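based on what follows, work out the 3D shape:
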Amino acid sequence: MKAVILAGGKGTRLGNLALDLPKPLVKICDTPILEHQIRLLKREGITDIILLTGHLGHKIQDYFGGGEKFGVQIQCIQEEAPLGTAGCLTALKGKIQEDFLLLYGDVILDMDFGLLAQFHQKKGAFATLVAHPNDHPYDSDLIKSNDNEEITGFFLKKEHKGKDCDNLVNAAIYVLSSSIFDYIPSQECDFIQDIFPKVLQDGKPLYAYQ
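Modelled structure (predicted):
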């Protein structure tokens, strides 16, 4: 399975920590967030990685190169203008023909991607979204799912105040069918706000992996 990492963040809310760095290169325990992710992917047997870069993307390219020193193969693709979490994937149309893993480049995680892939395949999912409870659901995008773990709706963080919502937060880790590209226009758009609701409306099976 290929992995695509969205690595275009500016890290505006990090202030001086990201003053001269793209957000994925900010260090946690003396190691950039993005390096933590790539080493995890390597550990899990995923070695074909595409980095979609934006702000100060040349620094990511300089740091990781082709991935040789990490034992993986890395391709960096620089977006010309910010297109959001989904719109940036238009650069990959026609380049991925199978289900793929998508990570946001500012997430610290440690998980078994093999189990995630098995869940995705067993469910016959069009898209599988990793979800979890957290201690600040009030400022997070929330997922609504049924007893079969199928997603039935989304609550954006700006919309769910006062509503009866489960604490099931979008973790920004997805397994996606390559057919997802059919839903992504060449303009700024977001997965949770724009793409997944349309996929759900069309009756495609979306699942929450907890």
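
so where's this protein shaky on pLDDT?
Within the chain, the segments meeting pLDDT under 70 span 9-19, 160-164.

please, where are all the helices along it?
In chain order, the chain shows helices spanning 33-43, 57-64, 84-87, 113-123, 196-201, with DSSP state H as the criterion.

contacts for the second one?
Identification of contacts with helix 57-64 by Cβ atoms under 8 Å, 6 or more residues apart in numbering yields 7-8, 21-22, 24-25, 32, 34-35, 38, 51, 53, 70, 74, 76, 78-79. For the C-beta atoms, the positions are set from N, CA and C on the backbone; glycine is no exception.

and for the shortest one?
By Cβ under 8 Å, 6+ apart, the list of residues contacting helix 84-87 from outside reads 6, 104, 184-192, 194-195.

neighbour-wise, give me the winner out of those residues.
Of all those, residue 191 has the most neighbours under the rule other Cβ atoms under 10 Å, reaching 28 neighbours.

what's the closest non-adjacent residue to that one?
residue 86 (4.7 Å; Cβ to Cβ, 6 or more residues apart in numbering).

hmm, back to that, between the helices of the chain, which one is nearest to residue 135?
helix 33-43 (20.2 Å; Cβ to Cβ).

now the strands for the chain?
2-7, 27-28, 31-32, 48-53, 73-78, 100-104, 127-132, 142-145, 151-155, 169-176, 206-209 (DSSP state E).

in this protein, which residue is closest to the centre?
residue 103 (3.1 Å; Cα atoms, centre = their mean).

beta partners of that residue?
On the basis of DSSP bridges, residue 103 is bridged to residue 5, residue 173.

distance of it from residue 195?
16 Å (Cβ to Cβ, to the nearest Å).

ok, residue 128 - contacts?
116, 119-120, 174-175, 206-209.

same thing but 10 Å
Shown in contact with residue 128 (Cβ atoms under 10 Å, 6 or more residues apart in numbering): 99, 101, 116-117, 119-121, 149, 151, 173-177, 205-209.

ditto for residue 97
2, 178.

against residue 128, how distant is it?
18 Å.

again, but for residue 120
Residue 120 is 4 Å from residue 128, by Cβ to Cβ.

pull up the overlap in contacts between the two.
99, 101, 174-177, 207, 209.
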